[in-house]
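Asks: I'll drop the sequence and a predicted model, then ask my questions.
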Amino acid sequence: MGEKPTLKNFCAALFYDWATGMTGPLSLPLAIASYLFSNETVKIVLGITAFGCVWAAAYGVWRRERIERNLIEDKLSEFIASRAVLSPNNPYVIPIPGGGESWRIKISNDGGAARHVHLHLCGIEPAPKSDAWTSEYPYPVFQAGLTLDLNDCHINKGSAACFAITNIWNAAHDSGFLCSLDTKNSGLRNVPIAFGEKWTLRYKITAENSDPVPFTLRMSAEENGVVFE
């Protein structure tokens, strides 16, 4: 950690540079002048030299501080430019060929290229009523059309990636709907949501070079289908 910018530290740095200037290369011509010229002349030259060394010392202190500050600002600018700025868009739905629908969401990036972007479902409130839901949080949310082993995601600045929140199908006996939120048992354990159930889903976006981005979605089972908002 550097020294604090106190008046005491400034004066110490100024005195060090001034003393260095006075006892360094400039001391030789002053010593020669003391033999060649009168004492009064030497005093004048010495005064001028001392005054010049003060200004040179002040410039030296300022110059070092500016160089260090510029280096820090450059590193900070590089760090900020390398950070991704991720945000979720509004969810949307597309039909699934053969029946059902797929709810999806795009993750946008307004910063540096985002590396290893992941989306996880971190909680549902209130908990689903079905015993099929085991609450094994967090659940990974895959990119649309991809599986876990192909889910590594990178998003360039100004681009977006699409993640599949869940697929929805009609449940048997017109009892509601089935959803694929349980990605740890994909295809084996679809979770039912009955008519009238309303859930608040908590998600988190993470990336190697981004702060975590939490957000929530509200999911409800209406008579005409499942709705996200």
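Replies: Yep, it's here. Residues are numbered from 1 along each chain as shown.
Asks: list the contacts of stretch 84-100.
Replies: Counting contacts by CB atoms under 8 Å, 6 or more residues apart in numbering, the residues outside stretch 84-100 that touch it are 101-115, 117, 155, 160, 165, 167-170, 203, 205, 207, 209-210, 213, 215, 217, 228-229. All C-beta spots, glycine's among them, are computed from the backbone N, C-alpha and C.
Asks: contacts for stretch 170-187 next, please.
Replies: Applying CB under 8 Å, 6+ apart, the set of residues contacting stretch 170-187 from outside is 99-100, 121, 124, 132-134, 136, 139-142, 148, 165-169, 189-195, 197, 201, 221, 225-226.
Asks: check contacts around residue 102.
Replies: Residue 102 sits next to 93, 94, 95, 96, 144, 164, 166, 167, 168 when contact means CB under 8 Å, 6+ apart.
Asks: can you give me the buried ones in the one helix or strand it maps to?
Replies: Taking DSSP states H and E as the definition, one finds residue 102 inside strand 101-109. By neighbour count, and taking 16 or more other CB atoms under 10 Å as the criterion, the buried residues in strand 101-109 are 101, 102, 103, 104, 105, 106, 107, 109.
Asks: who are the packing partners of the helix or strand that comes right after it?
Replies: On the C-terminal side of strand 101-109, the closest following helix or strand by DSSP H and E is strand 118-125. For strand 118-125, the contact count by 3 or more CB pairs under 8 Å, 6 or more residues apart in numbering; DSSP states H and E identifies strand 139-141, strand 198-207 as packing neighbours.
Asks: what's the angle between the longest one and strand 118-125?
Replies: In terms of direction (axes from the mean of the first three to the mean of the last three CA atoms, to 10 degrees), strand 198-207 departs from strand 118-125 by 150 degrees.
Asks: adjacent strands (with direction) for strand 198-207?
Replies: For strand 198-207, the paired strands and their directions (DSSP bridges) are strand 118-125 (antiparallel), strand 210-222 (antiparallel).
Asks: list the buried residues for the last one?
Replies: What it means is strand 210-222. Neighbour counts over strand 210-222 (16+ other CB under 10 Å) mark 210, 213, 217, 219, 220, 221 as buried.
Asks: just want the angle from it to strand 101-109.
Replies: Counting by the same axes, to 10 degrees, strand 210-222 points 160 degrees away from the direction of strand 101-109.
Asks: what sits up against strand 210-222?
Replies: Under the criterion CB under 8 Å, 6+ apart, residues 83-88, 91, 105, 111, 114, 117, 122, 165, 176-177, 193-206, 226-229 lie in contact with strand 210-222.
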